[in-house]
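**Student:** Starting from these lines, generate the structure:
(chains A and B)
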2 protein chains.
Amino acid sequence: MKKVITLKHIARELEVSISTVSKALKNSEEISRDTKERIQAYAKLYNYRPNNIAISLKNKRTKNIGVIIPDIVHHFFTTVVRGIESYANSKGYNVIVCLSDESFDKEVINMEMLANGSIDGFIMSLSVETQLKNDYNHLKEITDQGIPLVMFDRVTDEIKCDKVIINDREGAYLAVKKLIANGRKKIALITTDNYLSIGKQRTEGYCDALRDHGLEVNENLILSLPQMKMDEKAISDFYDREEVDAVLCVHELFAMYSMRVALKKGLKVPEDIEFIGFTDGNLSKYAYPSLTAIAQHGEQMGEMASKMLIEKIESEKEEETYVTEVLQSTLVERESTKN
Amino acid sequence: MKKVITLKHIARELEVSISTVSKALKNSEEISRDTKERIQAYAKLYNYRPNNIAISLKNKRTKNIGVIIPDIVHHFFTTVVRGIESYANSKGYNVIVCLSDESFDKEVINMEMLANGSIDGFIMSLSVETQLKNDYNHLKEITDQGIPLVMFDRVTDEIKCDKVIINDREGAYLAVKKLIANGRKKIALITTDNYLSIGKQRTEGYCDALRDHGLEVNENLILSLPQMKMDEKAISDFYDREEVDAVLCVHELFAMYSMRVALKKGLKVPEDIEFIGFTDGNLSKYAYPSLTAIAQHGEQMGEMASKMLIEKIESEKEEETYVTEVLQSTLVERESTKN
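**Tutor:** Take a look at the predicted model:
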């Protein structure tokens, strides 16, 4: 039986990265002539055909949708998948999920594997590494071949396709406005280095809300922690140093954990200090005190992405237009803030 | 192009259930002669071939593993998937995840879709509905065709295959033993109707530990709630009625929520009442007080399942033997119990 050659095989065989193979096959200037020739010769020898994807897709519908998410042990992404499933199933489509584990290579490998005739279109959110590398060749390849693609949450302007995002700036703005209305003056932001485009928008919303209400942005009140590392000492020292009276956290786990550190220090929530966290999951609902949260509407985002994708899959039009749907964040008020 | 006919197509076309189609094609006595004839005629007409799976598998390796889980917004299952991924990736395999959403039909549809040449073997955990129906024909079909299958957590004796389970009885036993050692006498169990085989074993462990330590099992101390419905009034009334001094919960959400109800009533944890919950997730770690938990070792379970499956896929032996690996639960002590 004839072996199907993929980018991954070529990369492994020639001991170069997948990104290098992809660029070499497009004759990119970034790759040295010698490397390009080696890769192109190998691809020719083993009859590598990037376009087999498009060929197989034009001939049949699989009624399957491929979904690539960066992380599965993550409440927000799992609720998005639930939303995708629920709409897709109602239209007779099955959903196949693959994980990039925040890795560029895994994102490329999984998209290539699924694009090989298994699915009718993709819904995906970028891995951290892909955003850092700023390399979107694998996505360009998908869209160039006419495979419908919808991106959600972590998106890029580099790729022309339908997108669903949430207004993160607005969410942070709403939260800080609420804290100011409650009389808070020393409002901290607990964030993380690795949050990229989304973290940036949340920080902007925080700063804008302070400024619009006549409060100064104090850099000392912004605590940046390594991604998903809960550091009790850093947070406790921060409270001692800054006399914070309210905290906005860019992630539910940070909110839960920084509230925990405050409670352990004997602070009363919400009397002495108020908390608001991004993403409204089970931790926010079942904590004591329960957490006021900025709802990210993951399930709704998934349903919308699913609807946009299926419409593209079933559309007969040749001329494509792309839209970006922006969901509004909402504030779910609970016990960690005063009414 | 020739259309591939699946059980799902036949079921939809003839307006019968997938289970009926599957049984009719096996000539089951459960199905009326008239229905069987109709289904068999349709299958013949459209050239339905259940065995195309086996044929395609013998010819090629896909280096893909199919995983079917009952729910994705569920910490335990997502950690198992992470474990499966991590081992599979290290061996050069990709992982494809599909959800049954606790539905028998979706379990069958997804297995059939993936078995159609996309994967080299399955790792799966049964949906609630499949367990209630007690219908495992779709799994028998997979194993009859020689497709390697590993079941985890929710398994059945009806299917001969490799399995990984956790000693749930032992986990509950350890927890209750700890509470008794702390001097607790009125130990409650908060459980749910729908927990099937796993709930049964946890209840057994609870009862056995009480009896082995000279305490009577008091039915009034067992509170059974509808699945995943957090009922503040029911739990609050239960505390008022029974003067409970410790609680074992079969699920992390129940543990978190029932601790929350106790704290709201002004009870002190762990002084007045201690809590232990099944499954050691983020809620247990970041709650205040943090929750003592019975670790289910999801990631380890996933790695083990992945290892067993890949060994079966790569094995050259014709004669198969099957093993069931039993992981031991462990107690992770935190602030919700005394040391």
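**Student:** interface residues of the stretch 101-250 of chain A facing chain B?
**Tutor:** Where proximity means Cβ under 8 Å from any Cβ of the partner chain, the interface of the stretch 101-250 of chain A facing chain B comprises A:D101, A:K106, A:I109, A:N110, A:M113, A:L114, A:S118, A:M230. Placement of C-beta: from N, CA and C, glycine included.
**Student:** does A:E30 belong to a helix or a strand, and which?
**Tutor:** Using DSSP states H and E, A:E30 is not contained in any helix or strand.
**Student:** What's the local residue count around the spatially closest residue to A:I166 that is not a sequence neighbour?
**Tutor:** With sequence-adjacent residues excluded and distances taken as Cβ to Cβ, 6 or more residues apart in numbering or on different chains, A:I166 is closest to A:L327, at 4.7 Å. Residue neighbour count, defined by other Cβ atoms under 10 Å in any protein chain shown, stands at 20 for A:L327.
**Student:** Now for A:L327: which residues touch it?
**Tutor:** A:V164, A:I165, A:I166, A:N167, A:H297, A:Q300, A:M301, A:M304 (Cβ atoms under 8 Å, 6 or more residues apart in numbering or on different chains).
**Student:** Please check those residues and keep the buried ones.
**Tutor:** The neighbour-count test (16 or more other Cβ atoms under 10 Å in any protein chain shown) applied to the contacts of A:L327 identifies A:V164, A:I165, A:I166, A:H297, A:Q300, A:M301, A:M304 as buried.
**Student:** Am I right that the fifth one sits in a helix?
**Tutor:** Yes - residue assignment for A:Q300, taken from DSSP: H, G, I helix; E, B strand; the rest coil, places it within a helix.
**Student:** My guess is it contacts A:I84. True?
**Tutor:** No - the pair A:Q300 and A:I84 fails to qualify as a contact (Cβ atoms under 8 Å) at a distance of 11.0 Å.
**Student:** Please identify the buried residues of stretch A:34-41?
**Tutor:** A:K36, A:I39, A:Q40.
**Student:** Can you tell me which of those end up in helices?
**Tutor:** Filtering the buried residues of stretch A:34-41 for membership in helices, criterion DSSP state H, returns A:K36, A:I39, A:Q40.
**Student:** so which of the residues you listed comes closest to chain B?
**Tutor:** A:I39 (20.5 Å; Cβ to the nearest Cβ).
**Student:** does the closest residue to the closest one other than its chain neighbours belong to a helix or a strand, and which?
**Tutor:** Closest residue to A:I39 in three dimensions, ignoring its sequence neighbours and counting by Cβ to Cβ, 6+ apart: A:A24, at 3.9 Å. Assignment of secondary structure by DSSP H and E places A:A24 within helix A:18-25.
**Student:** Now tell me what touches that helix from outside.
**Tutor:** Outside helix A:18-25, the residues that reach it (Cβ under 8 Å, 6+ apart) are A:7-8, A:10-11, A:14, A:16, A:30-31, A:35-36, A:39-40, A:43, A:48, A:50, A:104-105, A:108-109, A:133, A:135, A:137-138, A:141.
**Student:** Show me the helices in the stretch 201-339 of chain A, by range?
**Tutor:** Assigned helices in the stretch 201-339 of chain A, in chain order: A:232-242, A:252-264, A:282-286, A:298-314 (criterion: DSSP state H, counting those that start in this stretch).
**Student:** how about the ones you listed in CSV, adding mean pLDDT?
**Tutor:** Rendered in CSV, the data for the helices of the stretch 201-339 of chain A read as follows (pLDDT from 0 to 100):
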stretch, mean pLDDT
helix A:232-242, 94
helix A:252-264, 94
helix A:282-286, 89
helix A:298-314, 96
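**Student:** Format those helices as a markdown table; extra columns: distance to B:Y173.
**Tutor:** Written out in a markdown table, the entries for the helices of the stretch 201-339 of chain A read as follows (distance: least, Cβ to Cβ, whole Å):
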| stretch | distance to B:Y173 |
| --- | --- |
| helix A:232-242 | 32 |
| helix A:252-264 | 30 |
| helix A:282-286 | 26 |
| helix A:298-314 | 38 |
